[in-house]
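Q: can you look at this prediction? I've put the sequence above it.
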Amino acid sequence: MSKTKKILLTDKQMPTRWYNIVADMKNRPLPPLNPKTKKPVTKEEMSVIFAEELIDQEMSTERYIDIPEQVQDVYKIWRSTPLTRAYALEKALDTPAKIYFKNESTSPAGSHKPNTAIPQAYYNHKQGIKHLTTETGGGQWGTAIAFASQYFDLDLKVFMVKVSYNQKPYRKLMMNAWGADVIPSPSTLTQAGRDMLAKDPDCSGSLGLAISEAVEMAVKDPETTKYCLGSVLNHVLLHQTIIGEEAVMQMEMAGDMPDIVIGCFGGGSNFAGIGFPFLKEKLTKGTDIRVIAVEPASCPKLTRGIFHYDFGDTAGFTPLIPMYTLGHNFQPADIHAGGLRYHGAGAIVSQLLKDGLIEAQSVPQLETFAAGLTFAKTEGIIPAPESTHAIAVAIREALKAREEGKSKTILFNLSGHGMIDLFAYEQYFAGKLQNYDLPDSVIRASIEELDTIIK
Ligand SMILES: *Cc1c(COP(=O)(O)O)cnc(C)c1O
């Protein structure tokens, strides 16, 4: 009998609910705090910048939340995504382990990010909001929210860090194709941008500044304009659980269940998306399953950071979030996995790590690219530099299974493809990429700064 390579769900079989892991956590995450009062942030405070239903989801303890039909309809453009058995990769590694991956690269934007962009646009539209603002670094979030905004008649302004705007035209062009207005940051549209340009007309921008501009724009007109964010927050993680809800069904159809689930980790959204629905069995029934978050060795908040209240952004605008962090002023090395260069981790994921319910590993840059190419040569797909981190640990675990002579089932999330990141591969081929040693003293200095800011 010929082997089954991939499993898809029909439109009718698709999950119709997101899973909220908070319902099953013994220790729930601590609340976000207002940085001025140090009191838990209220719904009123949050509603200045976010849509009401998104804030309800942010604070919800309901186990399941229905996916609105209008959102399901847009999901169906590319969902379900395939659950694929990586036979060729297994063979190349000569491992007894079975390796599966969930392929989130099949979305129009090429990553998992539209899973949350679509509902965020939908809930804003439903509330009568007309304009959205956001920021983007490399452009992955910007493309996803541009794609989503046009479905729900929202006009979108994306503040894109100027250096990326100039160096990475392709994602900007994708955003334009979906009707978004992409503005290099710093811009003259906001006070924050004008102040910076007055100080330094050649300023090439930063993510922190782009956030300041996007938030300022939203706050100016809270009746019709809201801001949105592509990772870290609870409601973003919630929306991403569509990945794992599908994968649980698909693994059952394959007659298998993973011993190990792996996702790369920036702010935690794709990791939570694949991991939480599997972790549910562990939290509620004590099932033995390892769920591993993979971060770059050069930005190791989970493996070398501390658990502390910190700002969610580099500019110090957001509430204080209880998180594993390197300090919001930490400057990660300029690695190509731009989506993983984030100083902290979402509150839920941080609590789970603190309680020993998930694991974390870090991988140096050169190992990730080598793993990405092994995957491209065997399974055909050129992965995003972020996703190569998950692949690298899947390979580590598969090789360990070979050494131990044990058959294990490994599932990882392929969070995106690398077709718009080929420049990174070019650098790798040319031998221009390197690993970055990160001395303890650098991490300590950044964390000490945190203690003086946040008492
Ligand atoms: C943004 C991004 C990530 C990192 O973000 P998370 O919120 O941690 O998932 C990972 N992979 C890809 C392809 C991305 O675009």
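A: Perfect, I can see it now.

Q: what residues does the protein have near the ligand?
A: Residues of the chain found near the ligand (C-beta under 6 Å from any ligand atom) are 111, 113, 140, 231, 264-271, 339-340, 384, 386-387, 415-416. From N, CA and C alone the C-beta is placed, and that goes for glycine too.

Q: which of these are buried?
A: 111, 113, 140, 231, 264-271, 339-340, 384, 386-387, 415-416 (16 or more other C-beta atoms under 10 Å).

Q: quick one: which of the residues of the chain next to the ligand sit in helices?
A: With helices defined by DSSP state H, the entries of the residues of the chain next to the ligand inside them are Gln140, Ser269, Asn270, Phe271, Ser387.

Q: wait, Leu238 touches Leu54, no?
A: No: contact criterion C-beta atoms under 8 Å: Leu238 and Leu54 do not qualify, at 9.6 Å.

Q: ok, the residue nearest to Gln13 when sequence neighbours are not counted - contacts?
A: The shortest distance from Gln13 to any non-neighbouring residue, by C-beta to C-beta, 6 or more residues apart in numbering, is to Met249 (7.0 Å). When contacts are counted by C-beta atoms under 8 Å, 6 or more residues apart in numbering, Met249 touches Leu9, Gln13, Pro15.

Q: SS state for Met249?
A: helix (DSSP: H, G, I helix; E, B strand; the rest coil).

Q: now do it against the ligand, distance only.
A: 21 Å (C-beta to the nearest ligand atom, to the nearest Å).

Q: read off the pLDDT value for that residue.
A: Met249 carries a pLDDT value of 98.

Q: next one, pLDDT for the residue positioned nearest the centre of the chain please.
A: The residue lying closest to the centre of the chain (C-alpha atoms, centre = their mean) is Ser269, at 3.8 Å. For Ser269, the model assigns a pLDDT of 97.

Q: correct me if wrong: it contacts Thr116.
A: Yes: contact criterion C-beta under 8 Å: Ser269 and Thr116 qualify, at 6.7 Å.

Q: common neighbours of the two, please.
A: Gly230, Val236, Gln240.

Q: lowest-confidence entry in these?
A: For these, the pLDDT minimum is Gly230, 95.

Q: which ones are touching that one?
A: Lys113, Thr116, Ala117, Thr134, Gln140, Trp141, Ala144, Ile145, Val236, Gly267, Ser269.

Q: what residues go with each domain of this structure?
A: In terms of domains, the chain is parsed into 6-13+78-110+241-447, 18-67+113-234 (source: automatic domain parsing).

Q: ends of the first one, what's the gap?
A: To tie it back to what came earlier, the one meant is domain 6-13+78-110+241-447. End-to-end distance for domain 6-13+78-110+241-447: 45 Å, by C-alpha to C-alpha, to the nearest Å.

Q: mind checking which helix or strand of the protein has the lowest mean pLDDT?
A: One helix or strand of the chain scores below all others by mean pLDDT, DSSP states H and E: helix 440-453, with a mean of 86.

Q: mind listing residues that contact that one?
A: So helix 440-453 is contacted by 300, 304-306, 308, 310, 316, 325-330 (C-beta under 8 Å, 6+ apart).

Q: ok, stretch 233-241 next?
A: 18-22, 29, 54-55, 57-60, 65, 112, 115-116, 119-120, 229-230, 267-270, 272-273, 276-277, 312, 346-349.

Q: same check on stretch 157-165?
A: With C-beta under 8 Å, 6+ apart, stretch 157-165 has contacts from 131-139, 142, 145-146, 172, 175, 180-187, 189, 203-207, 209-211, 213-214, 217.

Q: pretty sure Arg63 sits against Tyr19.
A: Yes: at 7.2 Å, Arg63 counts as touching Tyr19 under the criterion of C-beta under 8 Å.

Q: those two: which is more packed in?
A: Remark: of Arg63 and Tyr19, Tyr19 carries more neighbours, 25 against 14, as counted by other C-beta atoms under 10 Å.

Q: show the contacting residues for the more buried one.
A: Arg63, Tyr64, Leu238, Thr241, Gly244, Glu245, Phe276, Pro277, Lys280.

Q: buried ones among those residues?
A: Using 16+ other C-beta under 10 Å, the buried ones in the contacts of Tyr19 are Leu238, Thr241, Gly244, Glu245, Phe276, Pro277, Lys280.

Q: pull the most distant pair out of those residues.
A: The largest separation in those, counting by C-beta to C-beta, is between Leu238 and Lys280 at 13.2 Å.

Q: what's the helix or strand for Val393?
A: Here Val393 sits within helix 387-404, counting by DSSP states H and E.

Q: packing partners of that helix?
A: helix 87-93, strand 98-103, strand 260-264, strand 290-296, strand 359-363, helix 365-379, strand 409-414 (3 or more C-beta pairs under 8 Å, 6 or more residues apart in numbering; DSSP states H and E).

Q: what packs against the last one?
A: Based on contacts counted as 3+ C-beta pairs under 8 Å, 6+ apart, the elements that strand 409-414 packs against are strand 98-103, helix 242-253, strand 260-264, helix 269-285, helix 387-404.
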